[in-house]
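Asks: Just a sequence and a predicted model for now, questions to come.
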Amino acid sequence: DAMVIQNPRYQVTQFGKPVTLSCSQTLNHNVMYWYQQKSSQAPKLLFHYYDKDFNNEADTPDNFQSRRPNTSFCFLDIRSPGLGDAAMYLCATSRDLVRQGTEQYFGPGTRLTVT
Amino acid sequence: AQSVTQPDIHITVSEGASLELRCNYSYGATPYLFWYVQSPGQGLQLLLKYFSGDTLVQGIKGFEAEFKRSQSSFNLRKPSVHWSDAAEYFCAVGAVYGGSQGNLIFGKGTKLSVKP
(Lines give C-alpha, C1' and ligand atoms only; values in the text may rest on other atoms or scores of the structure.)
Protein backbone atom coordinates (compact mmCIF):
# COMPACT_ATOMS: atom_id res chain seq x y z
CA ASP A 1 0.00 0.00 0.00
CA ALA A 2 2.95 2.33 0.56
CA MET A 3 2.89 5.12 -2.00
CA VAL A 4 5.98 7.19 -1.20
CA ILE A 5 8.80 5.18 0.30
CA GLN A 6 11.96 6.57 1.81
CA ASN A 7 15.06 4.63 2.69
CA PRO A 8 16.62 4.50 5.09
CA ARG A 9 14.36 5.91 7.79
CA TYR A 10 17.36 6.80 9.91
CA GLN A 11 20.80 7.65 8.58
CA VAL A 12 23.93 8.51 10.52
CA THR A 13 26.87 9.97 8.65
CA GLN A 14 30.13 11.60 9.58
CA PHE A 15 30.96 15.24 9.08
CA GLY A 16 32.09 15.66 5.46
CA LYS A 17 31.24 12.11 4.37
CA PRO A 18 28.94 12.01 1.34
CA VAL A 19 25.52 10.51 1.92
CA THR A 20 22.62 9.56 -0.34
CA LEU A 21 18.98 9.37 0.63
CA SER A 22 16.49 7.45 -1.46
CA CYS A 23 12.86 7.99 -2.39
CA SER A 24 10.59 5.85 -4.52
CA GLN A 25 6.94 6.16 -5.47
CA THR A 26 4.24 3.84 -6.73
CA LEU A 27 1.88 6.63 -7.80
CA ASN A 28 3.46 7.27 -11.21
CA HIS A 29 3.43 10.98 -10.42
CA ASN A 30 5.24 13.47 -12.62
CA VAL A 31 6.68 15.60 -9.84
CA MET A 32 9.00 14.61 -7.03
CA TYR A 33 10.17 16.97 -4.30
CA TRP A 34 12.78 17.05 -1.57
CA TYR A 35 12.14 19.04 1.60
CA GLN A 36 14.40 19.68 4.57
CA GLN A 37 12.72 19.96 7.97
CA LYS A 38 14.72 20.98 10.99
CA SER A 39 13.46 20.40 14.49
CA SER A 40 10.27 22.32 15.29
CA GLN A 41 10.33 24.08 11.92
CA ALA A 42 8.26 23.98 8.78
CA PRO A 43 9.44 21.90 5.82
CA LYS A 44 11.58 23.85 3.40
CA LEU A 45 11.67 22.93 -0.26
CA LEU A 46 15.16 22.16 -1.60
CA PHE A 47 14.27 21.25 -5.20
CA HIS A 48 11.84 19.38 -7.34
CA TYR A 49 11.77 17.39 -10.57
CA TYR A 50 8.99 17.75 -13.07
CA ASP A 51 9.57 14.57 -15.02
CA LYS A 52 13.25 14.97 -15.93
CA ASP A 53 13.36 18.73 -15.52
CA PHE A 54 15.24 19.75 -12.40
CA ASN A 55 14.17 22.88 -10.50
CA ASN A 56 16.43 24.13 -7.77
CA GLU A 57 15.24 26.60 -5.14
CA ALA A 58 17.32 29.77 -5.17
CA ASP A 59 18.56 29.35 -1.62
CA THR A 60 19.40 25.65 -1.73
CA PRO A 61 23.12 25.19 -0.97
CA ASP A 62 25.33 23.67 -3.67
CA ASN A 63 26.14 20.92 -1.21
CA PHE A 64 22.74 19.41 -2.00
CA GLN A 65 22.24 17.60 -5.29
CA SER A 66 19.54 15.36 -6.67
CA ARG A 67 19.10 12.67 -9.28
CA ARG A 68 16.00 11.19 -10.83
CA PRO A 69 17.01 8.21 -12.98
CA ASN A 70 13.42 7.22 -13.76
CA THR A 71 9.82 8.09 -12.87
CA SER A 72 9.79 6.02 -9.71
CA PHE A 73 13.04 6.98 -8.00
CA CYS A 74 14.64 10.17 -6.79
CA PHE A 75 17.82 10.56 -4.76
CA LEU A 76 19.14 13.31 -2.53
CA ASP A 77 22.92 13.57 -2.39
CA ILE A 78 24.64 15.61 0.28
CA ARG A 79 28.22 15.97 -0.88
CA SER A 80 29.85 17.11 2.34
CA PRO A 81 27.41 17.05 5.24
CA GLY A 82 27.89 19.60 7.97
CA LEU A 83 26.44 19.58 11.45
CA GLY A 84 23.84 22.07 10.25
CA ASP A 85 22.50 19.56 7.74
CA ALA A 86 21.16 17.30 10.46
CA ALA A 87 17.42 17.27 9.83
CA MET A 88 14.45 15.25 8.64
CA TYR A 89 14.42 14.96 4.87
CA LEU A 90 11.00 14.53 3.34
CA CYS A 91 10.26 13.32 -0.14
CA ALA A 92 6.93 14.18 -1.73
CA THR A 93 5.22 13.56 -5.05
CA SER A 94 2.36 15.10 -6.98
CA ARG A 95 0.63 14.40 -10.25
CA ASP A 96 1.26 17.94 -11.41
CA LEU A 97 2.52 21.21 -9.97
CA VAL A 98 0.59 22.95 -7.21
CA ARG A 99 -0.45 25.70 -9.62
CA GLN A 100 -2.45 23.09 -11.50
CA GLY A 101 -4.39 22.32 -8.36
CA THR A 102 -2.92 19.04 -7.18
CA GLU A 103 -1.84 17.98 -3.73
CA GLN A 104 1.46 16.56 -2.60
CA TYR A 105 1.88 13.15 -1.01
CA PHE A 106 4.68 12.81 1.51
CA GLY A 107 6.87 9.91 2.48
CA PRO A 108 7.69 9.09 6.12
CA GLY A 109 10.99 10.93 5.97
CA THR A 110 14.64 10.10 6.64
CA ARG A 111 16.14 11.40 9.86
CA LEU A 112 19.76 12.37 9.16
CA THR A 113 22.26 12.65 11.98
CA VAL A 114 25.72 14.09 11.36
CA THR A 115 28.45 13.18 13.84
CA ALA B 1 5.10 37.35 -1.63
CA GLN B 2 2.94 34.50 -0.49
CA SER B 3 3.09 33.65 3.20
CA VAL B 4 1.26 31.64 5.82
CA THR B 5 0.89 32.51 9.49
CA GLN B 6 -0.14 30.11 12.20
CA PRO B 7 -0.39 32.34 15.27
CA ASP B 8 -0.50 29.54 17.84
CA ILE B 9 2.70 27.61 18.39
CA HIS B 10 1.23 25.19 20.92
CA ILE B 11 -2.35 24.45 21.93
CA THR B 12 -3.59 22.09 24.63
CA VAL B 13 -7.18 20.85 24.67
CA SER B 14 -9.01 18.26 26.70
CA GLU B 15 -10.11 15.07 25.04
CA GLY B 16 -13.66 15.50 23.78
CA ALA B 17 -13.38 19.27 23.56
CA SER B 18 -13.68 21.17 20.31
CA LEU B 19 -10.64 22.41 18.44
CA GLU B 20 -9.87 25.32 16.16
CA LEU B 21 -6.42 25.91 14.71
CA ARG B 22 -5.86 29.24 13.06
CA CYS B 23 -4.25 29.92 9.72
CA ASN B 24 -3.91 33.21 7.87
CA TYR B 25 -2.40 33.59 4.44
CA SER B 26 -1.12 36.37 2.27
CA TYR B 27 -1.85 36.05 -1.43
CA GLY B 28 -3.15 38.24 -4.22
CA ALA B 29 -5.75 35.88 -5.63
CA THR B 30 -7.71 32.82 -4.61
CA PRO B 31 -5.09 30.52 -3.17
CA TYR B 32 -4.79 26.80 -3.04
CA LEU B 33 -4.85 25.93 0.67
CA PHE B 34 -3.94 22.78 2.53
CA TRP B 35 -3.81 21.38 6.04
CA TYR B 36 -1.32 18.63 6.83
CA VAL B 37 -0.77 16.70 10.05
CA GLN B 38 2.56 15.29 11.20
CA SER B 39 2.93 12.79 14.01
CA PRO B 40 6.32 12.66 15.76
CA GLY B 41 9.02 11.23 13.52
CA GLN B 42 6.64 10.80 10.62
CA GLY B 43 5.95 12.42 7.27
CA LEU B 44 3.07 14.76 6.52
CA GLN B 45 -0.43 13.50 5.89
CA LEU B 46 -2.94 15.60 3.98
CA LEU B 47 -6.04 16.35 6.05
CA LEU B 48 -7.91 18.47 3.54
CA LYS B 49 -7.49 20.96 0.73
CA TYR B 50 -9.28 23.94 -0.78
CA PHE B 51 -8.99 24.83 -4.43
CA SER B 52 -12.34 26.44 -5.25
CA GLY B 53 -16.07 26.09 -4.70
CA ASP B 54 -17.69 25.42 -1.35
CA THR B 55 -15.79 27.32 1.30
CA LEU B 56 -16.40 24.67 3.96
CA VAL B 57 -14.17 21.71 3.26
CA GLN B 58 -14.46 18.30 4.86
CA GLY B 59 -11.37 16.23 5.42
CA ILE B 60 -10.25 12.98 6.94
CA LYS B 61 -10.39 12.05 10.62
CA GLY B 62 -13.40 14.29 11.23
CA PHE B 63 -11.63 17.56 10.43
CA GLU B 64 -13.07 20.45 8.50
CA ALA B 65 -11.81 23.87 7.46
CA GLU B 66 -13.47 27.04 6.32
CA PHE B 67 -12.04 29.41 3.74
CA LYS B 68 -12.87 33.03 4.51
CA ARG B 69 -11.63 35.34 1.81
CA SER B 70 -12.54 38.51 3.73
CA GLN B 71 -10.34 37.43 6.64
CA SER B 72 -7.64 35.67 4.56
CA SER B 73 -8.12 32.70 6.83
CA PHE B 74 -8.40 28.96 6.52
CA ASN B 75 -9.00 27.70 10.06
CA LEU B 76 -9.09 24.00 10.88
CA ARG B 77 -11.80 22.66 13.19
CA LYS B 78 -12.84 19.45 14.85
CA PRO B 79 -15.91 19.18 17.08
CA SER B 80 -14.49 16.56 19.46
CA VAL B 81 -10.78 15.89 19.83
CA HIS B 82 -9.40 12.39 20.40
CA TRP B 83 -6.11 11.62 22.13
CA SER B 84 -4.77 10.31 18.84
CA ASP B 85 -5.10 13.80 17.33
CA ALA B 86 -2.06 14.95 19.29
CA ALA B 87 0.41 15.94 16.57
CA GLU B 88 1.75 18.95 14.72
CA TYR B 89 -0.50 20.64 12.20
CA PHE B 90 0.76 22.61 9.24
CA CYS B 91 -1.21 24.99 7.08
CA ALA B 92 0.18 25.54 3.58
CA VAL B 93 -0.54 27.66 0.55
CA GLY B 94 0.29 26.61 -2.99
CA ALA B 95 2.66 28.87 -4.89
CA VAL B 96 0.93 29.61 -8.16
CA TYR B 97 3.07 32.45 -9.45
CA GLY B 98 6.67 33.44 -9.29
CA GLY B 99 9.69 31.28 -9.79
CA SER B 100 8.75 28.52 -7.39
CA GLN B 101 5.59 27.19 -8.90
CA GLY B 102 6.11 23.75 -7.45
CA ASN B 103 6.26 24.99 -3.95
CA LEU B 104 4.06 24.63 -0.96
CA ILE B 105 4.64 27.47 1.47
CA PHE B 106 4.14 26.16 4.98
CA GLY B 107 3.27 27.92 8.16
CA LYS B 108 5.47 27.23 11.16
CA GLY B 109 3.04 24.71 12.54
CA THR B 110 0.85 24.35 15.61
CA LYS B 111 1.60 21.59 18.06
CA LEU B 112 -1.54 20.08 19.54
CA SER B 113 -1.48 18.36 22.93
CA VAL B 114 -4.53 16.50 24.22
CA LYS B 115 -5.25 16.17 27.93
CA PRO B 116 -7.05 13.04 29.12
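Replies: In hand now; what should we look at? Residues are numbered from 1 along each chain as shown, chains lettered A, B, ... in the order given.
Asks: distance of A:Val96 from A:Arg9?
Replies: That one is not Val; residue A:96 is Asp. From A:Asp96 across to A:Arg9, the span is 28 Å (CB to CB, to the nearest Å). Quick note: C-beta positions are derived from backbone N, CA and C, even for glycine.
Asks: how about B:Asp8, what does it touch?
Replies: B:Leu21, B:Arg22, B:Thr110 (CB atoms under 8 Å, 6 or more residues apart in numbering or on different chains).
Asks: By neighbour count, which of these wins?
Replies: Neighbours were tallied for each of these (criterion: other CB atoms under 10 Å in any protein chain shown), and the maximum of 23 neighbours falls on B:Leu21.
Asks: Just confirm A:Asn55 contacts A:Tyr49, I think it does.
Replies: Yes - with contacts defined as CB atoms under 8 Å, A:Asn55 counts as touching A:Tyr49 at a distance of 7.2 Å.
Asks: show me the contacts for B:Glu64.
Replies: Residues touching B:Glu64, when contacts are defined by CB under 8 Å, 6+ apart, comprise B:Leu48, B:Leu56, B:Val57, B:Gln58, B:Leu76, B:Arg77, B:Lys78.
Asks: Could I have the buried ones of the residues you listed as ChimeraX selection syntax?
Replies: The ChimeraX command for the buried members of the contacts of B:Glu64 (criterion: 16 or more other CB atoms under 10 Å in any protein chain shown) is given here:
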select /B:48,57,76,78
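Asks: can you redo the contacts of B:Glu64 as a markdown table with secondary structure, pLDDT and distance to B:Asn103?
Replies: Conversion of the contacts of B:Glu64 to a markdown table gives the following (DSSP: H, G, I helix; E, B strand; the rest coil; pLDDT from 0 to 100; distance: CB to CB, whole Å):
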| residue | secondary structure | pLDDT | distance to B:Asn103 |
| --- | --- | --- | --- |
| B:Leu48 | strand | 95 | 19 |
| B:Leu56 | strand | 96 | 26 |
| B:Val57 | strand | 95 | 21 |
| B:Gln58 | strand | 96 | 26 |
| B:Leu76 | strand | 98 | 21 |
| B:Arg77 | strand | 98 | 26 |
| B:Lys78 | strand | 98 | 28 |
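Asks: Closest one to A:Gly107 out of the contacts of B:Glu64, please.
Replies: Within the set of the contacts of B:Glu64, B:Leu48 lies nearest A:Gly107; the separation is 19.9 Å, counting by CB to CB.
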